[in-house]
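> this is a predicted model, with the sequence first.
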Amino acid sequence: MTQAPAKPHRVVIVGAGFGGLEAAFGLAGAPVEITLIDRRNHHLFQPLLYQVATASLATSEIAWPIRYLLRDRPEVTTLFANVCGVDAAAKLVELDDGGSIPYDTLILATGARHAYFGHDEWEPFAPGLKTLEDATTLRRRILVAFERAERETDPDKRAALLTFVIIGAGPTGVEMAGTIADLAKDTLAPDFRHIDTRKARVVLIEAGPRVLAGFPDDLSAYAQASLEKIGVEVMLGETVTECSADGVVFGGKRLEARTIVWAAGVRASRAAEWLNAPADRAHRLQVEPDLTVPGHPDVFAVGDTITIKDPDGNPVPGIAPAAKQEGRYVAALIKARLDGKTLPPFRYKHAGSLAQIGKKKAVIDFGWLKLRGSLAWWIWGLAHIYFLIGVRHRIAVAMNWLWIHTRDQRAARLITQGSSKVAQ
């Protein structure tokens, strides 16, 4: 009697960000059947998302269709769907349309969204930056502010339109502030007739004592000085207590502003709730040393979904290289398990921290080497181009940056999602 062939091990990956996609790549050649589920049809290179928001890059230059990336992997099925829960007892991933997907091993790479520390009502006035939709919304708000200022005759209203507030001075906040300042002072200045865009105010507000808190003190100080040199007003030790359509309140003072960017905090997805698992204050899953969810050895979690410490006892940062390392580790561990083996606990290796500060300036911390200024900017640019997917995208981004930094022109200055009559 012929024995039926063994069924492949079913791996379901929820989320096609850096961690989820890296896990899918790492499982190539394994005797598995993979289902990759994402509520968007594209993989996004988040480190350059702020450049879409500030009209430096187009959306297609930092995002790629998931199906295209996995087109040569017949064992991978990609689903465009929204996960709403996990039935761990039945080993099912539940979809919001009533469907469900069975798994033998589950990888949660569901990412995070911006958090408003109990003030979710601020989101309409101070959008964050996590998705392409966020980026194009911010790009519209920034460009529309200049357009409306061009027609505004009331000096107070014009000043409010030309005031841009960024809340949070981590890498995203610093990069946004520097790039908006460059946009106002270099790119747009020759294009307007009734306003001087160089007089625009860019205000960076940080509750902590310094910008780029995750960097060494000397690089943080350099970043602040560089921002102030290009006209960014840096407000440290100030907590924002109100965001509205009219502006912000911080330190008991009201600042009239029509464009606010939130870069102050994140909140993980609902993965911890789905599994009734332990989580920290930001709702990140507290995982075991092998990245499994406590009590669920067949469920892994990676990326911004989790919190875990490095070998020195410090929290692993929520950055792309960490998510990629975690995705690779989980793929290797699944392969080992299928061979009846195991692996040592996950160990994060920090490759360095990078942040751009306006045009041709950046800071880099490799631990053993710290760099600042134009050399750091070149390394920052080369590193980001290297990690982009596909030669065409690398060339396109490199050409765009070359054009921006030699001609002060940004080709992606398009106002979409409505006409001049539509409100922001």
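Structure received.
> please make it C-alpha for all contacts and neighbour counts, starting now.
OK.
> what about the strands in the stretch 251-400 of the chain?
Taking DSSP state E, counting those that start in this stretch, the strands of the stretch 251-400 of the chain run over residues 253-256, 259-262, 266-268, 285-286, 292-293, 296-301, 306-307, 353-356, 362-365, 370-373.
> dump those to CSV, plus mean pLDDT.
Shown next, in CSV, are these (pLDDT from 0 to 100):
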stretch, mean pLDDT
strand 253-256, 97
strand 259-262, 98
strand 266-268, 88
strand 285-286, 95
strand 292-293, 98
strand 296-301, 98
strand 306-307, 95
strand 353-356, 94
strand 362-365, 96
strand 370-373, 96
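> M235 is nearest to which of the ones you listed?
strand 253-256 (11.9 Å; C-alpha to C-alpha).
> ok but V93 is inside a strand, no?
Yes. According to DSSP: H, G, I helix; E, B strand; the rest coil, V93 belongs to a strand.
> and the helices in this structure?
With helices called from DSSP state H, the chain shows them at 18-26, 49-53, 66-69, 132-151, 155-161, 171-182, 217-229, 271-275, 320-338, 374-387, 391-407.
> helices or strands next to the fourth one in the packing?
Okay, so that is helix 132-151. Applying 3 or more C-alpha pairs under 8 Å, 6 or more residues apart in numbering; DSSP states H and E, we find helix 132-151 packed against helix 49-53, helix 155-161, strand 259-262.
> if we go to 7 Å?
helix 49-53, helix 155-161 (3 or more C-alpha pairs under 7 Å, 6 or more residues apart in numbering; DSSP states H and E).
> equivalent analysis for the fifth one, please.
When contacts are defined as 3+ C-alpha pairs under 7 Å, 6+ apart, helix 155-161 packs onto helix 132-151.
> in the helix it packs on, what counts as buried?
Using 16 or more other C-alpha atoms under 10 Å as the test for burial, helix 132-151 gives 132, 134-147, 149-150.
> now do the residue nearest to E256 when sequence neighbours are not counted: how many residues are near it, please.
Counting by C-alpha to C-alpha, 6 or more residues apart in numbering, E256 lies nearest to G247, which is 4.5 Å off, once chain neighbours are set aside. Look at G247: counted by other C-alpha atoms under 10 Å, it has 20 neighbours.
> list the contacts of G247.
L255, E256, A257, R258 (C-alpha atoms under 7 Å, 6 or more residues apart in numbering).
> where's the first one relative to F164, distance?
L255 sits 10 Å away from F164, going by C-alpha to C-alpha, to the nearest Å.
> does P294 really touch E288, like I thought?
Yes. P294 lies in contact with E288 (C-alpha atoms under 7 Å); the separation is 6.2 Å.
> hang on, the earlier thing: can you redo the strands of the stretch 251-400 of the chain as TSV with mean neighbour count and distance to W401?
What follows is the strands of the stretch 251-400 of the chain, written out as TSV (neighbours: other C-alpha atoms under 10 Å; distance: least, C-alpha to C-alpha, whole Å):
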stretch	mean neighbour count	distance to W401
strand 253-256	16	33
strand 259-262	25	23
strand 266-268	21	29
strand 285-286	26	38
strand 292-293	22	41
strand 296-301	21	35
strand 306-307	26	34
strand 353-356	22	13
strand 362-365	23	14
strand 370-373	18	17
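> just put those strands in CSV and tack on distance to H393.
Putting these into CSV (distance: least, C-alpha to C-alpha, whole Å) gives the following:
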stretch, distance to H393
strand 253-256, 39
strand 259-262, 27
strand 266-268, 28
strand 285-286, 34
strand 292-293, 35
strand 296-301, 29
strand 306-307, 30
strand 353-356, 20
strand 362-365, 22
strand 370-373, 26
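> quick one: closest of the ones you listed to E123.
So among the strands of the stretch 251-400 of the chain, strand 259-262 is nearest, using C-alpha to C-alpha, at 8.2 Å.
> partners of the closest one in the sheet?
Using DSSP bridges, the strands paired with strand 259-262 are strand 163-167 (parallel).
> output the below-cut-off pLDDT ranges for this structure.
1-5, 407-408, 411-412, 417-424 (pLDDT under 70).
> spatially central residue for it, please.
Geometric centre of the chain, nearest residue: Q46, 4.0 Å, by C-alpha atoms, centre = their mean.
> the spatially closest residue to E228 that is not a sequence neighbour: neighbouring residues, count only.
Counting by C-alpha to C-alpha, 6+ apart, the nearest residue to E228 once its immediate chain neighbours are dropped is V234, at 7.0 Å. For V234, the count of nearby residues is 20 (other C-alpha under 10 Å).
> now the one 4 residues further on
One way to gauge burial is a neighbour count; for E238, by other C-alpha under 10 Å, it gives 16.
> isn't it right up against A207?
Yes. The criterion here is C-alpha under 7 Å, and E238 meets it with A207 at 4.6 Å.
> ok, now how distant is the closest residue to P321 other than its chain neighbours from Q325?
Residue nearest to P321 in three dimensions, not counting chain neighbours: A351, with 7.6 Å by C-alpha to C-alpha, 6+ apart. A351 is 11 Å from Q325, where distance means C-alpha to C-alpha.
> as a markdown table, the helices and strands packed on helix 132-151 with distance to L21 and mean neighbour count would be great.
Converted to a markdown table, the helices and strands packed on helix 132-151 look like this (distance: least, C-alpha to C-alpha, whole Å; neighbours: other C-alpha atoms under 10 Å):
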| stretch | distance to L21 | mean neighbour count |
| --- | --- | --- |
| helix 49-53 | 18 | 25 |
| helix 155-161 | 40 | 17 |
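> so what's the residue nearest to E228 bridging to?
Here V234, judged by DSSP bridges, has bridge partners L204.
> now do the contacts for it.
V203, L204, I205, E228 are the contacts of V234 under C-alpha under 7 Å, 6+ apart.
> the same query, at a cut-off of 8 Å, please.
By C-alpha atoms under 8 Å, 6 or more residues apart in numbering, V234 lies in contact with V203, L204, I205, E206, Q224, L227, E228.
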